[in-house]
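Visitor: Fold the following and give me the result.
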Amino acid sequence: MKQYKVFKHPSGINEAVKQGWSWPAFFFNFIWAMVKKMWGLGVGILVGFLVFGIILGLAGVGKGSDAIINVVAIIVNIIFGLNGNKWRENNLISRGFEHADTVTASNSEGAVALFLKSENAR
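Guide: Numbering: from 1, shown residues only. You can find the predicted model right below:
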C-alpha cells in the first residue's frame with residue numbers, strides 16, 4: 001500500500017498523486033510529462049536533449065559522446081524519478097485543483113475511490 005494525495009477540481013474531477021519516487025517519470029521522462037499535461041517540462045526536456053546531442057555532434061567529441069549522453073540521461077532520469085510526483089502536484093494546483101485528502105491505497109484509482117467513499121460518508 002502506498003500514500004496518495006488526492007486533489008479535487010471544482011468541476012468534480014479528482015486526481016491522485018503517489019508520494020515519493022515516480023517510476024514512470026524515471027523511465028519515460030518527457031513522454032510522462034506530456035501525458036500528465038506538463039507541456040513546458042516535456043517539450044523543454046525533449047528540446048534540451050536534442051540541442052545537447054547537436055552540440056556534442058558539432059563539437060566532434062566522437063566516441064566519448066555516447067558516454068556523456070548516457071551519463072546525462074541517467075542524471076535526468078534520477079531527477080525526474082525523485083521530483084516527478086511533486087512536479088505533478090504543483091501542476092495540478094496551478095490548474096485549479098486543491099489538495100483534498102491523503103489516503104493509503106494500492107493504486108491511484110483505489111485512492112480516488114477511497115476518497116469518494118469517505119467524502120460521501122461525511
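Visitor: going forward, measure contacts between C-alpha atoms and count neighbours the same way
Guide: Will do.
Visitor: Spatially nearest residue to Leu46, not counting backbone neighbours?
Guide: Nearest residue to Leu46, sequence neighbours excluded (CA to CA, 6 or more residues apart in numbering): Phe30, at 6.2 Å.
Visitor: scratch that, Val112
Guide: Closest to Val112 by CA to CA, 6+ apart is Ala16, at 6.1 Å.
Visitor: name the helices or strands packed onto the strand or helix carrying the one you found?
Guide: According to DSSP states H and E, Ala16 maps onto strand 14-18. Judged by 3 or more CA pairs under 8 Å, 6 or more residues apart in numbering; DSSP states H and E, strand 14-18 is in contact with strand 2-8, helix 64-94, helix 108-121.
Visitor: Recalculate using a threshold of 6 Å.
Guide: Contacts defined by 3 or more CA pairs under 6 Å, 6 or more residues apart in numbering; DSSP states H and E place strand 14-18 against strand 2-8.
Visitor: Give me the angle between the strand it packs on and strand 14-18.
Guide: Using axes from the mean of the first three to the mean of the last three CA atoms, to 10 degrees, the inter-axis angle of strand 2-8 relative to strand 14-18 is 150 degrees.
Visitor: Tell me the strands beside strand 2-8, with direction?
Guide: According to DSSP bridges, strand 2-8 forms sheet pairs with strand 14-18 (antiparallel), strand 98-105 (antiparallel).
Visitor: one step back: which element is the residue nearest to Leu46 on?
Guide: helix 29-35.
Visitor: Return the residues in contact with the most centrally placed residue in the chain.
Guide: The chain has Gly84 as the residue nearest its centroid, 3.4 Å off, counting by CA atoms, centre = their mean. Shown in contact with Gly84 (CA atoms under 6 Å, 6 or more residues apart in numbering): Ser22, Ala25.
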